[in-house]
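Q: okay, structure incoming, though there's no sequence with it:
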C-alpha cells in the first residue's frame, strides 16, 4: 500500500529527520551540536574510535544519532550539506533523491533505500511462510504465546 500511495516507511522518515537534525547541528541551530563529531572541514561526520567491552553498551551506542546518520550524511553531495537555510536543505535533499532515483542508481546506501529494504522483507514469500509457521507453532504451544503476551484465541 505504501508504494501505491507513494508514502515512505517510518524508517525512511526517521532517517530524513535525523539528517535534518544534523544539518541544524552543523549550522549551530540545534542542541545536538556538542553530540555530533564533524571532521575538520566541518562537512562530514566522523566516528570516534574505541570499542567498549560491554555488548550492551555497544548496542546502546548504535542507537545514538551520529551512528544512525553518519553514513547517510557523508554520502550527501556538498551542495545539499551547505544549504543556506532549512527549507533549501529539504528541497536539495528531495532533489538529490529524485535525481538519483531517476538515474536508476540503487544500492548506494542512501536513506531512501531503507523503505525498499523494509518493503522487500515484508512482501517476500519467505516472510509469509515464516509467519504461517510461527502462527501454527504458537497454536501448538500456547504457553509460549502466553509468555510473549500473544493472544491466539
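A: On my side now, so go ahead. Please read these numbers as outputs of a predicted model, since none were measured by experiment.

Q: what's the weakest-modelled helix or strand in this structure?
A: Per-element confidence for the chain was summarised using mean pLDDT, DSSP states H and E. The lowest value among helices and strands belongs to helix 55-62, with a mean of 56.

Q: what is the subsequent helix or strand relative to that helix?
A: Tracing the chain past helix 55-62, the next element assigned as helix or strand by DSSP states H and E is helix 65-74.

Q: pull out the buried positions in that following helix.
A: For helix 65-74, burial by neighbour count (16 or more other C-beta atoms under 10 Å) applies to 65, 66, 68, 69, 70, 72, 73. For glycine as for every other residue, the C-beta is placed from the backbone atoms N, C-alpha and C.

Q: save those residues as a markdown table, and put in distance to residue 30 too.
A: Supplementary listing: those in a markdown table, determined by distance: C-beta to C-beta, whole Å:
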| residue | distance to residue 30 |
| --- | --- |
| 65 | 10 |
| 66 | 13 |
| 68 | 15 |
| 69 | 12 |
| 70 | 16 |
| 72 | 17 |
| 73 | 14 |
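
Q: for the residues you listed, which one is nearest residue 112?
A: residue 72 (9.4 Å; C-beta to C-beta).

Q: leaving aside the residues adjacent along the chain, what's closest to the closest one?
A: Among residues not flanking residue 72 along the chain, residue 111 sits closest, at 4.4 Å (C-beta to C-beta, 6 or more residues apart in numbering).

Q: three-state assignment of that neighbour?
A: Secondary structure for residue 111, judged by DSSP: H, G, I helix; E, B strand; the rest coil, is coil.

Q: what is whatever helix or strand residue 130 lives in packed up against?
A: For residue 130, the element it lies in under DSSP H and E is helix 125-140. In terms of contacts (3 or more C-beta pairs under 8 Å, 6 or more residues apart in numbering; DSSP states H and E), helix 125-140 is packed against helix 142-147.
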